[in-house]
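Undergrad: sequence and predicted structure below; questions after.
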Amino acid sequence: MTIKRKVEVFSAGCPVCEDVIALVQRLACPSCGVEVHNMNDIEVVKRAKALGIRSVPAVAIDGQLASCCAGRGVDEQALRAAGLGQP
């Protein structure tokens, strides 16, 4: 029996997200089960938080956030350094 690799794509439905969905589907092999999750669903948001997702699009493979998707998102220090909140 072949073990399926679980591939999860977290999307907000934007054009960039759609491009990533197409990329993942193009790269997926027959043993890859691709699931696209809509971030407008509260249960999907909970799953995304559990995986450490801070921005979309994001991809998790077998329950692990892909390295290309980690460590991103809005950062207060970076915003302040860019001048946010300063006259």
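TA: Received, thanks. Quick caveat, the model's predicted, so the values are computed rather than measured.
Undergrad: for the closest residue to Met39 other than its chain neighbours, give me its contacts.
TA: Distances taken as Cβ to Cβ, 6 or more residues apart in numbering place Ala12 nearest to Met39, at 4.8 Å, with adjacent residues excluded. All C-beta atoms are positioned from the backbone trio N, CA, C, and that covers glycine. By Cβ atoms under 8 Å, 6 or more residues apart in numbering, the contact list for Ala12 reads 38-40, 56-57.
Undergrad: from those, which land in strands?
TA: Asn38 (DSSP state E).
Undergrad: ok, the contacts of Ala12 vs Ile21, which is closest?
TA: Closest approach between those and Ile21, by Cβ to Cβ: Pro57, at 7.4 Å.
Undergrad: where's that closest one relative to Ala66, distance?
TA: The gap separating Pro57 from Ala66 is 10 Å, by Cβ to Cβ, to the nearest Å.
Undergrad: beta-bridge partners for the spatially most central residue of the chain, please?
TA: By Cα atoms, centre = their mean, the chain has its centre lying nearest to Ala58, at 1.5 Å. Note on Ala58: beta-bridge partners Phe10, judged by DSSP bridges.
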